[in-house]
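J.: From the sequence below, what's the structure:
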Amino acid sequence: MSGNVIAANRLRDGIAVWLDPHGTWVDRIDHAALFADAELDDARAIAARSVGAQLVVGVEDAPAERTDDGRIVALSGRERIRAAGPTVRTDLGKQADAEVTDPLPLPAAGDVAAHARFAGIYHYDDQDRQFLKERVEQFRAQVNRRLAGELTEDEFKPFRLMNGLYLQLHGYMLRVAVPYGVLSSDQVRRFAHVARVYDKGYGHFTTRQNIQFNWPRLVDTPDILLSLAEADLHAIQTSGNCIRNVTTDQFAGAAADELVDPRVFAEILRQWSTDHPEFTFLPRKFKIAITGAPHDRAAVKVHDIGVLAKRNEAGEIGFEVYAGGGLGRTPLVATKVRDWVSVPDFLRFMEAILRVYNALGRRDNIYKARIKILVREMKPENFIKMIDEEFASMDPVRYRLDQSVIDAIAARFPTPPFADLPTVSDTFQQARADNRAFATWVRTNTHAHKQAGYISAIISLKPIGGIPGDASADQMDLVASLADRYSFGEVRVTHEQNLVLPHVRQDALFALWQELQGTGLETANIGLVTDIIACPGLDYCALATARSIPVAQRISERFAELEQQHDIGGITLNISGCINACGHHHVGNIGILGLDKAGVEYYQITLGGAADEQAAIGNIVGAGFSYETVVDAVEDIVKVYLAQRQPGEQFIDTYRRVGLSPFKEGLYATAR
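T.: Modelled structure (predicted):
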């Protein structure tokens, strides 16, 4: 027997619930009522009264049927996942309903000196901390008003989004900012604490260099934010139509090829954009990335504003600025709008771009509201002309970025107390020679450091068969401990969903590697085919149309053999669960987009994307593939590459040389 269930999320904790035959809400779909079409209007009226009584939010109908044994089973894949919990974490099930009554004690500070524990971390002062606490108490009042019925969901939604709180498939999701991807070990420990006390023991690192917690309860979020604020962390502007977290190169301040350390300017952008009175309610969300190295590791050309910090022949710092990039429904590479912006004019030029966008960006159509659409429809030359006119009209004295401000902020980024070491460590070289597994890990999971005798170590959050970007509370505690002992208490988050210890002595690297063994953090796959970027997809996200994590898991299992991965060489493989492209599939060398086709998941493949200084949007290969065949399709693509490549070519080089045709022929030669 077929019919419909009435589904919703419970207001206080976000848990998925269904209306039962008695008009109450139950947390198991097999206890729900199955309503015939003639009964739906009455059921909807009951649900509407529950919304008015502040019991549930997000009410919707979902097709279902009653099995021969009397169970209610959802007919859509989305509702089946809501009923059972994420398919990728079947051990967790649905959200627990227990009250948080006995929180674990807060983690102790690291056992290193304060100057080292905060090396490379922007120092908050009393004013910063007071601001965060006031924001938490403002949000606490808003939550209480919502629970009391003084605010409707529509009235409350902008407040929760501006504080990083989403309503997802199984409950609320809290997104916490990691400004330009830099963390202290104590902050990582605080994430572990939140994961243990208020979540289900893990967090998910994202392509915005943030962390997401997938199971918080609405009633607990003010306490979570207060706990985070005590560690100089917040969720401000991690959602909403505002300037989001400013991102940068994960090796900023450490990379050997860096011309300008972008962290100071990223912090200036963060402070300028936080609660900016003119740009708090933009036509749409707005993302800025900045880098200071010739090799773009921050994907600046696919952001609303992308900034390349550089030096002229006189050694002066300036900025090459791009605007109108972005992914999603209409992926576009940004347009260069200025080749050189001087430091004093930096914020004035940023503000000029935002002013033009804020004034002219579409507010009547969410799909055409991003700056990329404005630039495309105005034509780049007209957009640049308007920026230049707005820039010229602004008082250069009032908007001047003074050197005193730069110096004051730079002073809050203490230089680590590096030792005076030889350029190459004999101990390090000997360990590489003696241990093949260590040498393999060094080959992929390290990056050259500007300081003699040091190296940056990348910790993969992509174990074979694992969930890209996920880290357990125990793993976060371990990373914090390793950061204290090996990296001056500093951790970085990459937009590829991995972690970095930026300042490791070469002669200590082997010991670090040994401590990673057996923890799930030791995988030697950075930049290889199993280093997959993947959004949470339909396992968690209410907007998704298909699962992405299980596809990533199956691909990594298909290419599990490490020697095979190294033979394939450098390749980026990105997966998104919907057209919003949170998995950056458009700029993957191989991109996979999950879609819904008549209630069935299928996957569209793009090839040739890149997010570096040669940024490109991938080309759609052809018809999509089923969930069952998409992994075979990826393997066929790799086989074509291996057959076509010339010595020394990586995947993107071969693709650009031979074009789409050989890959298309290889993909569709066999009927699937």
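
J.: confidence score at Gln95?
T.: pLDDT for Gln95: 57.

J.: any idea which helix or strand of this structure has the worst average confidence?
T.: Of the helices and strands making up the chain, the lowest-confidence element is helix 114-117, at a mean of 52, by mean pLDDT, DSSP states H and E.

J.: Just the buried positions in whichever helix or strand comes after that helix, please.
T.: Next along the chain after helix 114-117, taking DSSP states H and E as the criterion, comes helix 126-147. Neighbour counts over helix 126-147 (16 or more other CB atoms under 10 Å) mark 128, 131-132, 135-136, 139, 142-143, 146 as buried. (Each C-beta comes from the backbone N, C-alpha and C, glycine too.)

J.: of the residues you listed, closest to Thr530?
T.: Distances from Thr530 to the buried residues of helix 126-147, taken as CB to CB, are shortest for Leu132 (38.0 Å).

J.: Skipping its backbone neighbours, what lies nearest that closest one in space?
T.: Once flanking residues are discounted, Leu132 sits nearest to Ala229: 4.0 Å by CB to CB, 6 or more residues apart in numbering.

J.: residue contacts, the one you found?
T.: 129, 132-133, 135-136 (CB atoms under 8 Å, 6 or more residues apart in numbering).

J.: pLDDT wise, what is it at?
T.: At Ala229, pLDDT is 97.

J.: What separation do you get for it and Gln168?
T.: Taking CB to CB, to the nearest Å as the measure, Ala229 falls 23 Å from Gln168.

J.: Backbone dihedrals for the residue nearest to Leu132, please?
T.: phi -60, psi -30 (degrees, to the nearest 10).

J.: Just the pLDDT for the nearest residue to Leu354 once chain neighbours are set aside.
T.: Distances taken as CB to CB, 6+ apart put Phe279 closest to Leu354, at 5.3 Å, once the chain neighbours are dropped. If you check Phe279, the pLDDT there is 96.

J.: and what of Pro414?
T.: With respect to pLDDT, Pro414 has a value of 87.

J.: What of Ala598?
T.: What the model reports for Ala598 is a pLDDT of 89.

J.: And for it, the neighbour number?
T.: Residues contacting Ala598 under the criterion other CB atoms under 10 Å number 5.

J.: For it, give its distance to Thr545.
T.: Shown here: Ala598 relative to Thr545, a distance of 12 Å by CB to CB.

J.: ok now whichever strand or helix holds Glu267, how far from the chain's centre?
T.: Assigned by DSSP H and E, Glu267 belongs to helix 263-273. Centroid separation for helix 263-273 versus its chain: 19 Å, with CA atoms, centre = their mean, to the nearest Å.

J.: cool, stretch 315-324 as well?
T.: Distance of stretch 315-324 from its chain centroid, counting by CA atoms, centre = their mean, is 25 Å.

J.: Would you mind writing the CA trace of that stretch as PDB?
T.: Extracted in PDB, the C-alpha atoms of stretch 315-324 (Å, rounded to 0.1, in the frame of the first residue of the first chain):
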ATOM      1  CA  GLY A 315      60.600  44.800  -3.900                       C
ATOM      2  CA  GLU A 316      57.400  46.700  -3.000                       C
ATOM      3  CA  ILE A 317      54.300  44.600  -2.100                       C
ATOM      4  CA  GLY A 318      51.200  45.000  -4.300                       C
ATOM      5  CA  PHE A 319      48.200  43.000  -5.400                       C
ATOM      6  CA  GLU A 320      46.900  41.500  -8.600                       C
ATOM      7  CA  VAL A 321      43.200  41.300  -8.200                       C
ATOM      8  CA  TYR A 322      40.600  39.000  -9.900                       C
ATOM      9  CA  ALA A 323      36.800  39.200  -9.600                       C
ATOM     10  CA  GLY A 324      33.800  37.200 -10.800                       C
END
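
J.: Report the rounded mean pLDDT for that stretch.
T.: 98.

J.: Make 45 the starting number, not 1.
T.: All set: I'll call the first residue 45, so the last point we hit is now stretch 359-368.

J.: ok and the longest strand along the chain relative to helix 170-191, angle-wise?
T.: For the chain, the longest strand by residue count, based on DSSP state E, is strand 100-110. Counting by axes from the mean of the first three to the mean of the last three CA atoms, to 10 degrees, strand 100-110 lies at 50 degrees to helix 170-191.

J.: hey, C-alpha coordinates of strand 100-110 in PDB?
T.: Taking Å, rounded to 0.1, in the frame of the first residue of the first chain, the C-alpha atoms of strand 100-110 are listed here in PDB:
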ATOM      1  CA  VAL A 100       8.900  21.200  14.500                       C
ATOM      2  CA  VAL A 101      10.300  22.900  11.400                       C
ATOM      3  CA  GLY A 102      10.800  22.000   7.800                       C
ATOM      4  CA  VAL A 103       7.500  20.000   7.300                       C
ATOM      5  CA  GLU A 104       7.200  18.200   4.000                       C
ATOM      6  CA  ASP A 105       5.400  15.200   2.400                       C
ATOM      7  CA  ALA A 106       7.400  12.200   1.300                       C
ATOM      8  CA  PRO A 107       6.100   9.200  -0.600                       C
ATOM      9  CA  ALA A 108       6.300   5.900   1.200                       C
ATOM     10  CA  GLU A 109       4.700   2.500   1.300                       C
ATOM     11  CA  ARG A 110       3.600  -0.200   3.800                       C
END
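
J.: ok, and the closest non-adjacent residue to the residue nearest the centre of the chain?
T.: Residue closest to the average C-alpha location in the chain (CA atoms, centre = their mean): Thr250, at 2.1 Å. Nearest residue to Thr250, sequence neighbours excluded (CB to CB, 6+ apart): Gln256, at 5.9 Å.

J.: Tell me, how many residues neighbour the one you found?
T.: Applying other CB under 10 Å, I find that Gln256 has 24 neighbouring residues.

J.: List the contacts of the strand or helix carrying it.
T.: In this structure, Gln256 sits in strand 255-257 according to DSSP H and E. Residues from elsewhere that reach strand 255-257, judged by CB under 8 Å, 6+ apart: 217-220, 222, 235, 238-239, 242-243, 247-250, 268, 537, 580.

J.: just to revisit the earlier point, the helix holding Glu311 versus helix 170-191: what angle between them?
T.: With the same axes, to 10 degrees as the basis, helix 307-317 and helix 170-191 are set at 50 degrees to each other.

J.: Now do helix 307-317: everything it contacts.
T.: 164, 166, 223-224, 226, 281, 286-287, 289-292, 296-297, 323, 332, 334, 351, 353, 363, 390-391, 394, 445, 449-450, 453-454, 456-457.

J.: Now a PyMOL select for only the buried ones of those.
T.: Here is the PyMOL command that selects the buried residues among these (16+ other CB under 10 Å):
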select buried, resi 164+166+223+224+226+281+286+287+289+290+291+292+296+297+323+332+334+351+353+363+390+391+394+445+450+453+454+457
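
J.: Please flag which of the contacts of helix 307-317 sit within helices.
T.: 390-391, 394, 449-450, 453-454 (DSSP state H).
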